[in-house]
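Engineer: coords please:
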Amino acid sequence: MKAIEPFSLPWQKKFLCRFYEQLKKQDISKSEITERVNKNTDDSLLPAGYTLPRNTLTQFTNFNSVNMRVVSVTNLIAVSLALGVSLNYLLGIDELETPENTDINKVTGLPNETIEAIKDNENLQEKLNFFLLCPEIKGICEEIDRLFFTRLVSNDLLHPYSKELLSKMEHAYNQSFKESFSLDEEKEKKKKYKECLYRELSFEKLKSGGTESSIQQYLESNLTEERIVQIQFFLDDDSGCDEQDVYHAFIEMITEHTFDVFEKRYIGELQMGNIIKSVTMLIDEYIEFRTRKFHEQARTTHKQ
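Structural biologist: A predicted model of the protein is given here:
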């Protein structure tokens, strides 16, 4: 890249980059390029009897040479045919290697690697064709999107807590879920969650369970500064508060800020279950489809 930076022609710089990228990708040498070109002498785009000598190829691809030449149109066409890529790709006009892939990319947004993988695998083509045409696929994609945003939001909201504290909070929520009835109102569920937090994060455990000698030190070790500041909102009189008051405000803050997050996480787990169930049903449908197709082909072959 440093060697070609002074070149005045943007398309020439792009050509050199992509030429060497293709040599590496296809694991071929310059000699093999000339061999491929010389085998395609009957191509209608090239002059009759056209050949590409190795030294000519070197002259317009050796970017370290002071006598480097600009590639001619004919030679450019010959190289693109030998590499199996389009002129537009070599010149930097298109980002994908062939016009066909460029057209597919414009419609689907799929990158070149994905398009090539699909084109090279007939077995994959059949599966993709079946799954993409199934009406259920739209619902599955919507469920995945909802699950993604649920996890994204919950991860952001739980980021202010240390891993150790978060693990205990999750355990308290799971325990409260076991002890709650499914028909309990949200207020009752939150109350049960707070009770479990008091058990899981008891005052005595926080004081004696680690290296911290005070509740304040525990908070500083396990909460971000923003969350520590928010604890002040749960204290009636900041000036006359002792450690017990700070501890209770800490539990109140956790309850208010994380109950809804864990509830949404639980809903997310239900979404995951629905996704797995839907995908499993889709696979069953595909197997039935393949089975019917196999038997139909067998009957046709038998008749013949």
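
Engineer: count of residues packed around residue 14?
Structural biologist: Neighbour count for residue 14, taken as other C-beta atoms under 10 Å: 16. Heads up, the C-betas are built off the backbone N, CA and C, glycines and all.

Engineer: can you give me the buried ones in the helix or strand bottoming out on mean pLDDT in the chain?
Structural biologist: Among the secondary structure pieces of the chain, namely its helices and strands, helix 203-208 has the lowest mean (mean pLDDT, DSSP states H and E), a mean of 82. Across helix 203-208, burial judged by 16 or more other C-beta atoms under 10 Å covers 206-207.

Engineer: which strands or helices does the helix or strand following that helix pack on?
Structural biologist: Counting by DSSP states H and E, the element after helix 203-208 in chain order, helix or strand, is helix 215-222. Under the contact definition 3 or more C-beta pairs under 8 Å, 6 or more residues apart in numbering; DSSP states H and E, helix 215-222 sits against helix 203-208, helix 225-231, helix 243-303.

Engineer: C-alpha coordinates for the helix or strand harbouring residue 102, PDB please?
Structural biologist: Under DSSP H and E, the secondary-structure element containing residue 102 is helix 99-108. Coordinates of the C-alpha atoms in helix 99-108 are reproduced here as PDB (Å, rounded to 0.1, in the frame of the first residue of the first chain):
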ATOM      1  CA  PRO A  99     -21.700  -8.900 -12.200                       C
ATOM      2  CA  GLU A 100     -24.000 -11.700 -11.200                       C
ATOM      3  CA  ASN A 101     -22.800 -11.500  -7.600                       C
ATOM      4  CA  THR A 102     -23.100  -7.700  -7.700                       C
ATOM      5  CA  ASP A 103     -26.800  -8.000  -8.900                       C
ATOM      6  CA  ILE A 104     -27.500 -10.500  -6.100                       C
ATOM      7  CA  ASN A 105     -25.900  -8.300  -3.500                       C
ATOM      8  CA  LYS A 106     -28.000  -5.300  -4.600                       C
ATOM      9  CA  VAL A 107     -31.200  -7.300  -4.100                       C
ATOM     10  CA  THR A 108     -30.300  -9.300  -1.000                       C
END
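
Engineer: for residue 49, helix, strand, or coil?
Structural biologist: The three-state assignment at residue 49 reads coil, by DSSP: H, G, I helix; E, B strand; the rest coil.

Engineer: and the pLDDT at it?
Structural biologist: pLDDT recorded at residue 49 is 83.

Engineer: if we can go back for a sec, may I see the buried residues of the helix holding residue 102?
Structural biologist: Using 16+ other C-beta under 10 Å as the burial criterion, the residues of helix 99-108 that qualify are 101-102, 104-105.

Engineer: just the closest of these to residue 241, please.
Structural biologist: Using C-beta to C-beta, the shortest approach to residue 241 within these belongs to residue 105, at 62.2 Å.

Engineer: excluding covalently adjacent residues, which one is nearest to that closest one?
Structural biologist: Spatial nearest neighbour of residue 105, chain neighbours left out: residue 96 (5.3 Å); criterion: C-beta to C-beta, 6 or more residues apart in numbering.

Engineer: how near is the one you found to residue 119?
Structural biologist: If you measure residue 96 against residue 119 using C-beta to C-beta, to the nearest Å, the figure is 12 Å.

Engineer: neighbour-wise, which of the two wins?
Structural biologist: In terms of neighbours (other C-beta under 10 Å), residue 96 is the more surrounded of residue 96 and residue 119; the figures are 22 against 14.

Engineer: report the contact partners of the more buried one.
Structural biologist: Residues counted as contacts of residue 96 (C-beta atoms under 8 Å, 6 or more residues apart in numbering) are 89, 102, 105, 111-112, 115.

Engineer: can you do 7 Å?
Structural biologist: Residues counted as contacts of residue 96 (C-beta atoms under 7 Å, 6 or more residues apart in numbering) are 89, 102, 105, 112.

Engineer: where does the residue nearest to residue 105 sit: helix, strand or coil?
Structural biologist: Secondary structure, three-state DSSP: residue 96 is coil.

Engineer: great, nothing more from me.
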